[in-house]
Structure formats: C-alpha cells, structure tokens
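1. this is the structure alone, sequence omitted:
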C-alpha cells in the first residue's frame, strides 16, 4: 500500500502553514473610513460624565448660575408652600373650634355608647330623687 | 589527575554553555516581556486619553491593533470587506466604552473579547457567504515560512483554508486563529474565548484535528 501519510499532502500543509500568515497591510479605503469614523466621533457631544460634566466644565459657568438659581427658586417655593399650608390649617382649626371642644367634652361619655353599656343603662331603675 | 581533568573539562564547558544559553534566553525573555509591558502601558494610557475625549489616542490604538483585528476577522469570516467593517465597529466600541473601561485584564484580552462579541453578533445576523481569498501578494507569507514562488497555489491553499475554517464551530475557530496570530498568550486566548487554559488545550487539539480532516477532504 503506497498511501501517502496525511501530513505529506502538500496542499494541506501549505494551508496549515498559511494560518500563520496575516495580511501584509491595510487598504487605503480602510484607512480613509477609519479617519471618517474618528472625525465623526470627535464631533459627537461630550460623553461619559452625564449631567455631572456641566458642574465641572469651566466654559459652562452660565450653566452653574442657572442650576444654582433654579435650586434657590425651588427652595423658596417649598418654604412658601410649607408656611402657607400651616396658616390654612390654623384657619380651619378656628372654624371647627366649637365642634372640636364639644368632641373633647363628650370624649369621656363615649363608653356609654357601647351596646352592652347602653343596654344596661336603659334598663337601670330610675330614681326621681337623684 | 590529568584524566580526571580531561573528563571534567567538557562537562564543565557544557554546564557553562547551558548556563550561558539560559542567561541569553532569560535576557531575551525579559526583553520580550519588557516590550509587552511597554505596549500594555501605552495601550492603557491611550484608553485614559480616550476616556477624556482625545480621539488622537484612537488613532494610536488603530495603528497598533488594526492588522491583528483584520487578520482575525478575515480568517473567521472568509472575507476582507466584512473584516474591515467589523474592525471599524470594534474601534467605535472601544471609543464608546473608554469611559467605563477598567484595566482588570491586559488590554489585548479586553480588545479581542470585544472583537469576538462583534464576530458572534455578525455570525448570528448574516447568512453564510462564499469565501473570498485575498491575492497571495497581500499575505505576509515570509513570516509564516510559506514559499511565494507559486502565487496561484498560495491563493488556492488560502481558499481551502478559509472554506475549512468556516466549517469549524466559532469557539474552535476563534481559539485556533487567536493562538496562531501569536498576539495573545494561551491564558489570554482562554480568557477571550471564555474557557479555562486546560479546556483551551482540548479545544485547540480538537480544532486542529478537524481542520486537518476537513482540509484532506477539500484536497481530495
């Protein structure tokens, strides 16, 4: 049998060796496309820091002023809202003062409205002298 | 006394020679690792500059890694035009990920992990295309010890190789290509394809066996 050893197949060994051989260089078209990509990326707006970048960029001083002003307005609005709300509550308390006093006075008698107590109370003998 | 000295001398000479060779090897190895460390430092510096928005750093990374990436994609897809598209996509990904990049592994490992993800995505997305081998003069055959005397034969072998590689499962193909390229150590290749170093050896052995069988079939 004169079967050649598999490793002696010339085409196969050439192909296997060729695995080590890479491309010699790139094409000008590929280089041009990369430069286009780089320019496009360079022209994109700044990225990475998100909203925090506005706090650190020196040229964005007007942004810091705006953000500060907005925060101050928000704080004032919250303070006014809180004070105004407490005044309204006081007015409401004065309006219902009579009812609230009555409620406080009758508070001790509330156990009498319990059904058991109520039944006992109704069946109690009445003494005219008391 | 003289006889003893006569026996002793060659042995001593051999030991000295071995020691000398070992020292030379160590010096070469250290020089190699120093170069690798310098490249690694340069790559990390480029990533920091990219994170700060300096796109000139992308150009430096491109110049360093364009050919390794192109070779990987060209052999993995069997087509140069598709390889160029994917390589550019990888550089765009690198730019966009620079702000989040943390040097936990070597830059090359991270880069080829990104490249492999792009390849997997492309393989899922596209239909299989016929391979298109580049002309033999575009391959660096000298580095691989392949004769450049017969361009037709080289191109034919390249076509066989590309077709055969397409038959291999992606993980085997990537492991084989990344190992053959020599840009990554075996540990880095293992990390890139997501297996342990021992498992990588098994994968490589299996891939080489399949490649040989498929090439034999293609040649016959």
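-> Structure received. Predicted model, so just to flag it, every value in this text is computed and none were measured.

2. so where is the chain shaky, pLDDT-wise?
-> You didn't say which chain, so I picked chain A. Within chain A, the segments meeting pLDDT under 70 span A:1-14, A:46-65, A:86-88, A:127-130.

3. sorry, I should have been clearer: chain B.
-> B:1-35.

4. list the helices and strands the longest helix anywhere in chain A packs on?
-> Of all segments of type helix in chain A, defined using DSSP state H, the longest is helix A:61-95. Under the contact definition 3 or more C-beta pairs under 8 Å, 6 or more residues apart in numbering or on different chains; DSSP states H and E, helix A:61-95 sits against helix A:53-56. (Glycine included, C-beta is placed from N, CA and C.)

5. let me see the contact set for residue A:38.
-> Contacts for residue A:38 were tallied using C-beta atoms under 8 Å, 6 or more residues apart in numbering or on different chains; they are B:55, B:58-59, B:62.

6. same check on residue B:79?
-> B:129, B:131-132.

7. do the same with residue B:138
-> Neighbour list for residue B:138: A:23-25 [criterion: C-beta under 8 Å, 6+ apart].

8. if you rank the residues you listed by neighbours, which is first?
-> Within the contacts of residue B:138, most neighbours by other C-beta atoms under 10 Å in any protein chain shown means residue A:23, with 19 neighbours.

9. give me phi/psi at that residue?
-> When read as degrees, to the nearest 10, the backbone of residue A:23 gives phi -70, psi 140.

10. most neighbours, which of the contacts of residue B:79?
-> Using other C-beta under 10 Å as the neighbour criterion, residue B:131 leads those with 19 neighbours.

11. is it in a helix, a strand, or coil?
-> Following DSSP: H, G, I helix; E, B strand; the rest coil, the label given to residue B:131 is coil.

12. now the helix or strand hosting residue B:165, how far from the centre of its chain.
-> Using DSSP states H and E, residue B:165 sits in helix B:151-167. How far helix B:151-167 lies from its chain's middle: 19 Å, per C-alpha atoms, centre = their mean, to the nearest Å.

13. contacts for that helix next, please.
-> For helix B:151-167, the external contacting residues (C-beta under 8 Å, 6+ apart) are A:11, A:14-16, A:18-19, B:75-76, B:78, B:128, B:131-137, B:139, B:141, B:146-148, B:173, B:176-177, B:210-211, B:214-215, B:218-219.
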